[in-house]
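[1] pasting the sequence and the predicted coordinates here, then a few questions.
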Amino acid sequence: MLIILSNHEKNVYLIRLTGSLEVMNKQFLRSFIFLVICFFIQTLSYATHIVGGEIVLERTGNGNRYRVILNKYINEISVRQHGISTSTVAYVDIYDKNTNILLTSPSMRLDLVTNDLLSNNGNYCSNLTIIETSKQVYMGEIDLGAAMFSPTGSYYITWSDCCRNQEIANLKAPKNENIALYTEFRGYAIQDDSPKFVPVGNDFFCRNNVNVFDLSAVDRDGDDLKYSLVAPRSSVNPSTDVVWDTTTNKNSGDNPIPGSMPFTIDPTTGIATFNPSANGVYVFGVKVEEFRNGQKIGEVRRDFQLNVQDCPVNNKPVIAFQNSGIKVRDTLSVKLKGGGCFPIYITDVDATHFISETIYINTRSNLPAGSTNTPYPTSGFTIPSQVPLTGFRDTTWFNACFDPCAGGLRLDETTYYPFKIVINDNRCPAKYDTLIFTIRIEVEKNTQPQIFIDPPGNPKTVKVDEQLKFNVYGTDADAGDLLSLKIANPQRGMSFMNVQDSSSTISSMFSWRPNCNDLHPGNYDVYFIIKDNSCTNNPRDTIHQRILVQQDDVSFDGMEVTNLITPNGDGMNDYYHIPGIPVGNCDKYFKGIEIYNRWGSRVFYSQDPGFKWYPNVSDGVYYFSIDLNYEVRKGWLQITQ
């Protein structure tokens, strides 16, 4: 029976087991406890289902809070064979790098968030009866602004478990070795996400063949990354490397797998190559360090194991340009405005021997050393990610299309971009071929377009409920440029149609009829932009128009308010009205009139400035109240038959 204890369960067990050891040094006690646990587990099992992992930190976007992410790679075949249940929690520790003082006590808890099987591109090599790998992701949050952390400090985070696979061929006593993961990071003054390794694509490789293993990482912050091989760790505090088996092979951290070609990793790309000479399971470690402004700000280590076996013969696919002239020059010229496509051919003789063959395609582009331009945008070229071959043909082709402008590239002078297209087949061992060439982006001279407003004048004044119109137009001295004209910030019902035109001029009409709501704030700044399709750094012109919204002045001083009504039917003063009420504006207007009797009861009300009141009341004195919005005028009137 195999017993697997979580780190938390190990601590609880050993606190009871070693109560008399509490007086020991804290770090020594933790190391002693871990060794006792491993001895206890090893008496029950000589293998583990864990085949590797790494720890990364990720910003949450909420202050100084970070996600701590533990990735564990699991052999699901071993899990099923030994009836191992998946742990829903994991525990990590964080230390001060300068003092090695433990900062998290108790250990930080991470919860299981995903548990997914990994796809395996090397399926022709893989034997799914031997290994089926899944990735378990554990996650928790920590505040790096807490008192235990310094904004400029250096720290490391660790996780460990027991034990390694007893079948590992390059360790002296693998069943006695633990798995320990390690990641370094800085305080919250340096806002940084850890580099993240690309997903594991294959863990089966072939003996006596040159194998390629992608161990690269991506960094969201764009920091410089440097890769190197390191010895996997057996413990973290104190840190101890695994013990290599050197009896028959000179295994070490920087050459963990025996073979005619040493196991090496490109320090800039993270691509590992090796030609193993013996079958077996081999463990190795890779470290990716990140640098910002020349200073190291962190590192992540991945611990992993791979399986070497005898594989069928696989021929190398070939990628090439069909045009012999391109082969000689290896430089392709593309206009910044317009782009171009080039046919690329792929041949794999194995396609005629098998029912199907898939070729995977990856493209990389880097700027020349010392260049101050932006990198070539990945959206600026179109290339398939894979192409199929069938048993009826061993050659296919595709168009590699480059459209720098559509990709967002902005240049003022002709610039060269080195490109590399790497292909590999889906057989075992995967074979690679590389096409290296240069894209020359030709930048033609470009005249900046100009924009105008007709009629001119700034600011322009418009009154409420009146319509303001003016024409916005632009010109471009470069024939054939595609021009676009648009309003940058339309407001409050302003009308303007954004347009495109390939002629040398372009125009569109602006119109606006403001209402009373537009009096506040009353000042409006509107911007119009003309742009051509040259994709240079300054392909546009902008014009600003200020618009002032006003209203007519109005006065109610001329209203003729009478005070006598004689409703006797003689045609004189038979009804009450107020002649000469002005139309008003947004602030001053006739809002309504109310008439009351001497006891305060309302006998008449109207919101119509042309009202007429035919009183059906007794003679006497009445009182009126006229609401003009900005003021209320009151008075009296006499009704006499």
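    Sure thing, it's come through.

[2] every contact and neighbour count from this point should use C-alpha atoms.
    Noted.

[3] OK, contacts around Tyr524?
    546-548 (C-alpha atoms under 8 Å, 6 or more residues apart in numbering).

[4] drop anything exposed from the residues you listed.
    547-548 (16 or more other C-alpha atoms under 10 Å).

[5] which of the contacts of Tyr524 fall in helices?
    Among those, DSSP state H puts none in helices.

[6] let's have the contacts of Tyr524 in CSV, adding distance to Ser160 and pLDDT.
    As requested, these are exported to CSV (distance: C-alpha to C-alpha, whole Å; pLDDT from 0 to 100):
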residue, distance to Ser160, pLDDT
Arg546, 66, 97
Ile547, 68, 97
Leu548, 70, 97
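
[7] between the contacts of Tyr524, which is closest to Asn424?
    Proximity of these to Asn424 (C-alpha to C-alpha) peaks at Arg546, which lies at 60.4 Å.

[8] next, work out how far apart that closest one and Asp525 are.
    4 Å (C-alpha to C-alpha, to the nearest Å).

[9] Met494 now?
    12 Å.

[10] one more: Gln166?
    From Gln166 to Asp525 the distance is 74 Å (C-alpha to C-alpha).

[11] which one's more surrounded, the two?
    Just comparing Gln166 and Asp525: by other C-alpha atoms under 10 Å the higher neighbour count belongs to Gln166, 18 against 13.

[12] can you list contacts of stretch 246-263?
    170, 172, 208, 210, 228-232, 244-245, 264, 272-278, 282-285.

[13] center of this structure - which residue?
    For the chain, the residue sitting closest to the mean C-alpha position, by C-alpha atoms, centre = their mean, is Arg220 at 7.8 Å.

[14] which strand or helix spans it?
    Using DSSP states H and E, Arg220 maps to neither a helix nor a strand.

[15] tell me the pLDDT of the nearest residue to it once chain neighbours are set aside.
    Take Arg220 and drop its neighbours on the chain: the residue closest to it by C-alpha to C-alpha, 6 or more residues apart in numbering is Asp193, 6.7 Å away. With respect to pLDDT, Asp193 scores 96.

[16] one more: the one 4 residues further on?
    pLDDT for Phe197: 96.

[17] for the one 10 residues further on, same thing?
    Taken from the predicted model, the pLDDT recorded for Arg207 is 87.

[18] roughly how far is stretch 202-219 from the heart of the chain?
    In terms of C-alpha atoms, centre = their mean, to the nearest Å, the centre of stretch 202-219 is found 27 Å from the chain centre.

[19] actually stretch 561-569, sorry about that
    Computed by C-alpha atoms, centre = their mean, the chain-centroid distance of stretch 561-569 equals 79 Å.

[20] in strands, which of the contacts of Tyr524 fall?
    Counting by DSSP state E, the contacts of Tyr524 place 546-548 in strands.

[21] ok, so of those, who is nearest His49?
    Arg546 (70.9 Å).

[22] give the contact list for that closest one.
    458-460, 523-526.

[23] again, but for Tyr155
    If you count contacts by C-alpha under 8 Å, 6+ apart, then Tyr155 has 94-98, 184-187 around it.

[24] burial count for Leu117?
    14.

[25] apart from its chain neighbours, what residue comes closest to it?
    Ser134 is the one closest to Leu117 (C-alpha to C-alpha, 6+ apart), at 4.0 Å.

[26] would you map the strands across the stretch 151-300 of the chain?
    Along the stretch 151-300 of the chain, counting by DSSP state E, counting those that start in this stretch, strands occupy 154-162, 178-186, 196-197, 204-206, 211-214, 217-218, 224-230, 233-236, 239-241, 259-265, 271-276, 280-292, 295-309.

[27] sheet partners, orientation included, of the longest one?
    Partners of strand 295-309 in the sheet, by DSSP bridges, are strand 50-59 (antiparallel), strand 178-186 (antiparallel), strand 204-206 (parallel), strand 280-292 (antiparallel).

[28] any idea how far Pro599 is from Ser194?
    You called it Pro, but residue 599 is Trp. Counting by C-alpha to C-alpha, the gap from Trp599 to Ser194 is 83 Å.

[29] more crowded one of the two?
    Neighbour count, other C-alpha under 10 Å: between Trp599 and Ser194, Ser194 has more, with 27 against 7.

[30] ok, that one to Asp541 distance?
    Ser194 is 41 Å from Asp541, by C-alpha to C-alpha.

[31] same thing with Glu299?
    From Glu299 over to Asp541 (counting by C-alpha to C-alpha), the distance is 46 Å.

[32] kindly report the same for Ile50.
    61 Å.

[33] so where do the helices sit in the chain?
    Using DSSP H, helices in the chain cover 7-17, 26-42, 76-82, 324-329.

[34] got a list of what Leu118 touches?
    133-135, 200-201.

[35] need the pLDDT of it.
    80.

[36] just give the number of residues close to the nearest residue to Glu167 once chain neighbours are set aside.
    Closest residue to Glu167 apart from its sequence neighbours, by C-alpha to C-alpha, 6+ apart: Val281 at 6.4 Å. Look at Val281: counted by other C-alpha under 10 Å, it has 20 neighbours.

[37] is it true that Val281 touches Val308?
    Yes: with contacts counted by C-alpha atoms under 8 Å, Val281 reaches Val308, the gap being 6.3 Å.

[38] now the residue nearest to Arg220: how far from Val218?
    Distance from Asp193 to Val218, by C-alpha to C-alpha: 10 Å.

[39] the more surrounded of those two?
    Asp193 (21 against 14).

[40] now for the more buried one: which residues touch it?
    56-59, 219-221 are the contacts of Asp193 under C-alpha under 8 Å, 6+ apart.

[41] can you give the domain ranges for this structure?
    Residue ranges for each domain of the chain read 7-309, 318-442, 450-550, 564-639, as given by automatic domain parsing.

[42] relative to Phe556, which of these is closest?
    Nearest to Phe556, of the domains of the chain and by C-alpha to C-alpha, is domain 564-639 at 6.5 Å.

[43] just checking the distance from that closest one to the centre of its chain.
    68 Å.

[44] for ChimeraX, what selects the buried ones among the contacts of Asp193?
    Applying 16+ other C-alpha under 10 Å to the contacts of Asp193, the buried members can be selected in ChimeraX as follows:
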select :56,57,58,59
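
[45] and the pLDDT for Ile639?
    94.

[46] count the residues that sit near it.
    20.

[47] beta partners of it?
    Going by DSSP bridges, Ile639 forms beta bridges with Ile565, Gly620.

[48] quick one: it and Thr566 touch, right?
    Yes: counting by C-alpha under 8 Å, Thr566 is a contact partner of Ile639 at 6.0 Å.

[49] overlap of the contact sets of those two?
    Counting by C-alpha under 8 Å, 6+ apart, nothing touches both Ile639 and Thr566.

[50] give me the below-cutoff pLDDT ranges for the stretch 251-400 of the chain.
    323-329, 366-373 (pLDDT under 70).

[51] one more pass at 80, please.
    Scanning the stretch 251-400 of the chain for pLDDT under 80 picks out 251, 253, 311-313, 322-329, 338, 353-356, 364-379, 390-392.

[52] who are the contact partners of Asp111?
    Neighbours of Asp111 in contact, by C-alpha under 8 Å, 6+ apart: 88-90, 138-140.

[53] again but with His353, I slipped
    Counted by C-alpha under 8 Å, 6+ apart, His353 has contacts Gly391.

[54] swap in 10 Å and give it another go.
    By C-alpha atoms under 10 Å, 6 or more residues apart in numbering, the residues touching His353 are 390-394.

[55] before we move on, what about Lys634?
    Contacts for Lys634 (C-alpha under 10 Å, 6+ apart) come out as 593-595, 623-627.
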